[in-house]
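1. Sharing a model prediction with you, sequence too.
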Amino acid sequence: MRLSIAGGLIMSAVVTAVLIYDVKGFAKEPLGQKWAAGQLLSMDQINHSSYNNLLKRYVDQDGYVNYTAWKRSAADRQALQKYLTHLSQASTSIKASRESQLAFWINAYNAVTLEGILQVYPTKSIRDHTAKIGGYNIWDDLPLLVGSRAYSLNDIEHKVLRKMGEPRIHFAIVCASVGCPRLLNEAYTPESVNQQLAMNAQDFFSRPQNFMIDKNGTMQVSSILDWFGEDFGNNQAKRFSYLQPYLPQKAQQYAVNPQARVKFQKYDWSLNDQAHKPAGSGIRSQARSGTR
């Protein structure tokens with residue numbers, strides 16, 4: 001019995017040690033660099049033009065990415081990393097407009113995700129790189145230095161963007177999956193971020209994979225509205241009241257009916273890869289009607 005207990009304790013210690021080793025072994029060095037205090041900038045001063053050029057080059061109008069070509073281009077891989085280094089020059093302590101902050105953090109989330117995928121490409125899904133116990137988790141273990149602090153993707157989404165009280169960020173931040181909103185093929189900018197958020201929200205609901213009313217009158221809705229519904233309102237009627245302007249026109253009145261039935265669609269975690277873009281993925285609802 002004592003030998004058995006001792007053996008169990010040793011095995012437990014070995015497993016614990018392996019898990020600790022794995023967590024350290026798979027964690028990435030923070031992206032970007034640490035800047036001297038005198039070199040830090042307001043988010044108002046961050047220039048997103050180089051990232052904008054990369055998005056225009058490698059992302060199509062449906063948000064699918066040409067990862068193959070981007071991976072092959074040493075110059076453009078370096079350009080993305082240089083942009084991330086520029087983002088790390090921003091300070092959260094220096095005053096900046098709300099629009100600059102929104103554009104900054106949305107771009108940061110998407111750019112870090114792209115860098116993370118390019119590091120492991122070819123791959124089929126971001127979920128293949130999100131180990132929960134012992135191992136690399138892209139959402140926690142690929143942080144970006146911003147000023148003097150490292151922000152993981154989960155930090156950016158849950159501790160920064162969601163706390164800004166702008167629920168349309170859920171139609172802008174993209175986890176490299178087909179079920180996500182499209183990755184806009186331009187950078188978000190302070191001057192245009194409100195229009196860009198409205199445009200991408202409208203685009204999101206125009207696609208039957210995210211929203212449609214089936215023949216039984218049930219609204220088939222993306223799981224994003226299930227996971228983050230509280231950000232849009234504390235009940236179904238309030239949520240769809242907020243979202244009404246972005247819904248297909250023929251669905252707008254039906255959606256705000258408190259009795260409307262809702263079913264959340266299965267999320268598609270396949271990589272948003274142009275090399276495997278499914279046929280019909282660019283289809284939008286006819287006249288934004290929301291029906292099939």
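-> Ah, there it is.
2. for the stretch 151-292 of the chain, what spans make up the helices?
-> 153-154, 193-206, 224-227, 236-243, 252-255 (DSSP state H, counting those that start in this stretch).
3. for the stretch 1-150 of the chain, same thing?
-> Assigned by DSSP H, counting those that start in this stretch, the stretch 1-150 of the chain shows helices spanning 2-26, 49-58, 67-72, 74-87, 98-120, 138-141.
4. would you turn the helices of the stretch 151-292 of the chain into TSV with mean pLDDT, mean neighbour count and distance to N216?
-> C-betas here are computed from N, CA, C, even on glycine. Formatted as TSV, these follow (pLDDT from 0 to 100; neighbours: other CB atoms under 10 Å; distance: least, CB to CB, whole Å):
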stretch	mean pLDDT	mean neighbour count	distance to N216
helix 153-154	98	18	37
helix 193-206	98	19	19
helix 224-227	98	17	19
helix 236-243	97	18	17
helix 252-255	96	17	13
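5. hang on, the earlier thing: would you single out the least confident of the helices of the stretch 1-150 of the chain?
-> Mean pLDDT is lowest for helix 2-26 among the helices of the stretch 1-150 of the chain, at a mean of 41.
6. got the end-to-end distance for stretch 141-153?
-> 8 Å (CA to CA, to the nearest Å).
7. Run through who's touching that stretch.
-> Stretch 141-153 has contacts (CB atoms under 8 Å, 6 or more residues apart in numbering) with 26-28, 30-35, 40, 84, 87-88, 90-93, 108-109, 112-113, 115-116, 119, 138-140, 155-156, 159-160, 175.
8. follow-up on the earlier one: make JSON lines from the helices of the stretch 151-292 of the chain and add distance to K124 to it.
-> Formatted as JSON lines, those follow (distance: least, CB to CB, whole Å):
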{"stretch": "helix 153-154", "distance to K124": "19"}
{"stretch": "helix 193-206", "distance to K124": "23"}
{"stretch": "helix 224-227", "distance to K124": "21"}
{"stretch": "helix 236-243", "distance to K124": "31"}
{"stretch": "helix 252-255", "distance to K124": "34"}
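9. and Q61, which of those is closest to it?
-> For Q61, the closest of the helices of the stretch 151-292 of the chain is helix 193-206, at 9.3 Å, according to CB to CB.
10. Can you spell out which helices and strands pack onto the closest one?
-> Counting contacts by 3 or more CB pairs under 8 Å, 6 or more residues apart in numbering; DSSP states H and E, helix 193-206 is packed against helix 98-120.
11. Just the C-alpha atoms of the helix it packs on, please, in CSV.
-> Coordinates of each C-alpha in helix 98-120 appear next as CSV, following Å, rounded to 0.1, in the frame of the first residue of the first chain:
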residue,chain,number,x,y,z
ARG,A,98,-12.1,56.6,-28.2
GLU,A,99,-12.1,56.1,-32.0
SER,A,100,-8.3,55.8,-32.0
GLN,A,101,-8.5,53.2,-29.1
LEU,A,102,-11.1,51.2,-30.9
ALA,A,103,-9.2,51.1,-34.2
PHE,A,104,-6.0,50.3,-32.3
TRP,A,105,-7.3,47.4,-30.3
ILE,A,106,-9.3,45.8,-33.2
ASN,A,107,-6.3,46.0,-35.5
ALA,A,108,-4.1,44.7,-32.7
TYR,A,109,-6.3,41.6,-32.1
ASN,A,110,-6.6,40.8,-35.8
ALA,A,111,-2.9,41.4,-36.6
VAL,A,112,-1.7,39.2,-33.7
THR,A,113,-4.1,36.5,-34.8
LEU,A,114,-2.7,36.7,-38.3
GLU,A,115,0.9,36.5,-37.0
GLY,A,116,0.0,33.5,-34.8
ILE,A,117,-1.6,31.6,-37.8
LEU,A,118,1.3,32.4,-40.1
GLN,A,119,3.7,31.0,-37.5
VAL,A,120,2.0,27.6,-37.6
